[in-house]
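Asks: mind folding the following:
(chains A and B)
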Amino acid sequence: MHKLEQRITEWRKEMTAGQGIGRETLEELENHLREMIDEHLRSGLSENDAFQKAVARVGPPPAISSEFGKLTHSMWWPVKVAIGLGLAAAIAMAMLGIARFDGTGISLLLAIHVFTVTLGYLSAFLIGGVGICFVLRRCFSDFSPARLESLSRISFIFASIAAGLTAVGMVLGMIWSRAEWGRFWGWDVKEVGALCVILWLVFFMAAQRSRRVSGRGVLLLAILGNVVLTLAWFGANMVSSVHGYGTSSVFMFAMGTGLNFAFLLIGLAPPGWLPLRKA
Amino acid sequence: MKLEKELVAASSVPLILSILAEGDSYGYAIIQRVRDLSGGNIEWTDGMLYPVLHWLEDHGQVRGRWIKADSGRRRRYYSLAPKGRQALRHQREQWGVVTSALEQLWRPGHA
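Replies: Here you go, the predicted model:
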């Protein structure tokens, strides 16, 4: 039996090597494989023959993976909206930056720093936005495992962009700070906030890649990320900071944290708990 | 007699929807039901059923939910959604047209 479990583990690895097969899809396929193995064992086949026969019936991993890959081509509309908002914000901020640019090198550095950090935070907020849409839609019906896998991978792409932009912005800010204030790092709350956001995004990406966190788990983490961002953006300005941008609105801070925690709680409920109409 | 690949692929959606119209079911049981109904002549590569089920779920025709089985493992059960019932009616009409035309053509004595 130990050998059989080992072979199933190897089969799982082969299955996950391809694109499109997430944790939940794999669980479904593995259940199918195990039921078939049990049936063959009951009919008197040896463990080895039962496994071989069941694997052959399930089909070759590359072919199955390719079929699932075809499913993920259609993008869920909130993701399209998030991409559109991100692009529109990038263009608007770039135009605003160009209009305000006064022609000095130091000013350019500061403008790019503010642009990249703001866009990085916005990208991270957009992942949380997709997470909120997921939680709300899930109140009415569940997502297919393939759709969840697709959303989880898109979240990873958004997080990579957000982490990259925030990190570049932070480094540019450090260079600007050295030239203007004579130091790279001053443990200012906004600086620490940006560092926390980067560390959070790295953790988020690692969780998505580890496959130990389900698609739903990844999207709930994305909502939790909104709380981290709210603390870094609105929370940091509530205590004294040398950074001028951002707002110190207590209302926004309370809304940002309270609402996101509420969405997180809703996300813990079973899918379809709020049926719109009966089947 | 084994069915041709193209016919197997074309009949997969109406077969799945019809089986789910009988009651909620899960992947392995759906495959077994198809095998029983066709006397083993419809041969699906089992793993290919799941992309179809997930496609139907993404398009709101079926609903999936995880249920813990006696073995302790989770099983994903599928049920027919109202949109799936509508799709099934449409499929029945279409397949009805095809089978009726073929029956007329293949009736003994037909030229």
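Asks: what count of nearby residues applies to the nearest residue to residue A:250 once chain neighbours are set aside?
Replies: Distance criterion CB to CB, 6 or more residues apart in numbering or on different chains; nearest residue to residue A:250, sequence neighbours excluded, is residue A:238 at 6.8 Å. Every residue, glycine included, has its C-beta placed from N, CA and C. Per other CB atoms under 10 Å in any protein chain shown, the neighbour tally for residue A:238 reads 15.
Asks: repeat that for residue A:199.
Replies: Applying other CB under 10 Å, we find 12 residues neighbouring residue A:199.
Asks: show residues contacting the longest helix seen in chain B.
Replies: In chain B, taking DSSP state H as the definition, the longest helix is helix B:82-105. Here helix B:82-105 makes contact (CB atoms under 8 Å, 6 or more residues apart in numbering or on different chains) with A:277, A:279, B:13-14, B:17-18, B:20-21, B:56, B:59-62, B:80, B:110.
Asks: what is the strand or helix carrying residue A:224 packed up against?
Replies: Counting by DSSP states H and E, the element that carries residue A:224 is helix A:215-230. In terms of contacts (3 or more CB pairs under 8 Å, 6 or more residues apart in numbering or on different chains; DSSP states H and E), helix A:215-230 is packed against helix A:105-138, helix A:145-181, helix A:189-210, helix A:250-268.
Asks: helices or strands up against whichever helix or strand comes after that helix?
Replies: Using DSSP H and E, the next helix or strand after helix A:215-230 towards the C-terminus is helix A:236-238. In terms of contacts (3+ CB pairs under 8 Å, 6+ apart), helix A:236-238 is packed against helix A:189-210.
Asks: so residue A:172 sits against residue A:115, correct?
Replies: No - applying CB atoms under 8 Å as the test, residue A:172 and residue A:115 come out as separate, 9.3 Å apart.
Asks: on that earlier part again, from the contacts of helix B:82-105, which ones fall inside strands?
Replies: The members of these that map onto strands under DSSP state E are B:62, B:80.
Asks: weed out the non-buried ones from the contacts of helix B:82-105.
Replies: With burial judged by 16 or more other CB atoms under 10 Å in any protein chain shown, the buried subset of the contacts of helix B:82-105 is B:13-14, B:17-18, B:20, B:56, B:61-62, B:80.
Asks: next, the buried residues of stretch A:170-189.
Replies: Neighbour count says stretch A:170-189 has A:170, A:172-174, A:176-177, A:188-189 buried, by 16+ other CB under 10 Å.
Asks: need the mean per-residue confidence for it.
Replies: Taken as a whole, stretch A:170-189 has an average pLDDT of 89.
Asks: ok, stretch A:196-204 next?
Replies: Mean predicted lDDT for stretch A:196-204 stands at 96.
Asks: dump it to PDB, restricted to CA.
Replies: This file holds the C-alpha atoms of stretch A:196-204, laid out as PDB (Å, rounded to 0.1, in the frame of the first residue of the first chain):
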ATOM      1  CA  CYS A 196       5.500  45.700   4.800                       C
ATOM      2  CA  VAL A 197       3.500  45.800   1.600                       C
ATOM      3  CA  ILE A 198       6.400  44.300  -0.400                       C
ATOM      4  CA  LEU A 199       6.900  41.600   2.300                       C
ATOM      5  CA  TRP A 200       3.200  40.800   2.200                       C
ATOM      6  CA  LEU A 201       3.100  40.600  -1.600                       C
ATOM      7  CA  VAL A 202       6.100  38.200  -1.500                       C
ATOM      8  CA  PHE A 203       4.300  36.000   1.100                       C
ATOM      9  CA  PHE A 204       1.200  36.100  -1.000                       C
END
